[in-house]
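quick one, fold the following:
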Amino acid sequence: MEELYKSSCLQGVSPHLFWDSTLREISLLVKAGESKDRLMWNHTASMMSLYANSKARKGKSFTPADFNPYVAMENENSKPQTKDDVMDLVETMKSF
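Below you'll find the predicted structure:
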């Protein structure tokens, strides 16, 4: 609950609105804020790549994905796991 409260406050939800809302309403408010943040980062990353390309050496080019932290997080999460990682996860799940 503490993490949800922190996330909602970071997204601009007032404490009064947080405590008067249902869990579903709060999660929708947080998702809307995250969507807005992604949209703003897409714009910022595009501007950064445009500037970087104007200053880059010949043959070197940048894409907006090079500057977008959300793309970096998605790439990090999509890396294939090793067999040992999968086996550790299986062992962890067995204890539940």
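
can we go C-alpha only for contacts and neighbour counts from here?
Fine.

please state the offset of the helix ranked longest in the chain from the chain centre?
Residue-count comparison of every helix in the chain, with assignments taken from DSSP state H, identifies helix 23-55 as the longest. In terms of Cα atoms, centre = their mean, to the nearest Å, the gap separating the centre of helix 23-55 from the centre of its chain is 9 Å.

just use 225 as the starting number from now, easier for me
Taking 225 as the first residue, the last one we looked at is helix 247-279.

that helix: which residues count as buried?
For helix 247-279, a neighbour-count test (16 or more other Cα atoms under 10 Å) marks 250, 253-254, 257-258, 262, 265-266, 269-270, 272-274, 276-277 as buried.

and it, what does it pack against?
Based on contacts counted as 3 or more Cα pairs under 8 Å, 6 or more residues apart in numbering; DSSP states H and E, the elements that helix 247-279 packs against are helix 226-234, helix 293-301.

pick the most deeply packed of those helices.
For those, the largest average neighbour count (mean count of other Cα atoms under 10 Å) is found in helix 226-234, namely a mean of 14.

okay, it in CSV with CA atoms only?
Coordinates of each C-alpha in helix 226-234 appear next as CSV, following Å, rounded to 0.1, in the frame of the first residue of the first chain:
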residue,chain,number,x,y,z
GLU,A,226,2.9,2.3,0.8
GLU,A,227,4.3,1.9,-2.7
LEU,A,228,1.0,2.6,-4.3
TYR,A,229,0.6,5.8,-2.2
LYS,A,230,4.1,6.9,-3.2
SER,A,231,3.4,6.3,-6.9
SER,A,232,0.1,8.1,-6.7
CYS,A,233,1.7,11.1,-5.0
LEU,A,234,4.4,11.2,-7.7
